[in-house]
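**Student:** just to be clear, the model below is a prediction. Sequence and coordinates:
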Amino acid sequence: MRLIMCERQDAKQPEVTIAYREMTQSVRRVADYVRCVDQTLLCKKESEECSIFINDIFYLESVDKKVFVYCEKEVLRCNYKLYELEEMLAQAGFVRVSKSVILNVEKLTGIKTLVNSKLEAMLVNGERVCVTRKYLKDIRNELLRRNKE
């Protein structure tokens, strides 16, 4: 894949054009990523509403029927249900890693096996998230899909 970038003074906003001979997984992945770049999620920080970029999310967690959005340095609250977010964010590289957590695979640095046969996902900001073996196959499939491209 070749990247061509050019600066245009007449452009009102960035524009991405993808030229391809055949629609492949890599072309789909690039298109999905571009669609998600400016996509935001409405959240609450204390009592005020704010929008955050989806690419800034590390993971989402459901605790006591409330969904929390974890970014690099802050935690926000979201009014969506976890299953709704899972559907919304599937094309953006988010994968369920346990019953209560959805992880942004782009923020994953590795998965470590712990002594008690549990698994732990290590993120680029140093945080660690428990991974249930039941969902390990989904993570593996997402990583394999990305490596194929």
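**Tutor:** Yep, that arrived. Residues are numbered from 1 along each chain as shown.
**Student:** could you use CA atoms for every contact and neighbour count after this?
**Tutor:** Will do.
**Student:** can you tell me the element residue 23 falls in?
**Tutor:** Assigning secondary structure by DSSP states H and E places residue 23 outside every helix and strand.
**Student:** give me the number of residues near it?
**Tutor:** 9 (other CA atoms under 10 Å).
**Student:** packing partners for the helix or strand where residue 141 lies?
**Tutor:** Secondary structure assignment for residue 141, by DSSP H and E: helix 133-148. Contact here means 3 or more CA pairs under 8 Å, 6 or more residues apart in numbering; DSSP states H and E; on that basis helix 133-148 packs against strand 94-98.
**Student:** can we see that at 10 Å?
**Tutor:** Counting by 3 or more CA pairs under 10 Å, 6 or more residues apart in numbering; DSSP states H and E, the packing neighbours recorded for helix 133-148 are helix 25-37, strand 94-98, strand 108-113.
**Student:** any chance of these in TSV, plus distance to residue 143 and mean pLDDT?
**Tutor:** Listed next are the helices and strands packed on helix 133-148 as TSV, based on distance: least, CA to CA, whole Å; pLDDT from 0 to 100:
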stretch	distance to residue 143	mean pLDDT
helix 25-37	12	77
strand 94-98	10	91
strand 108-113	10	86
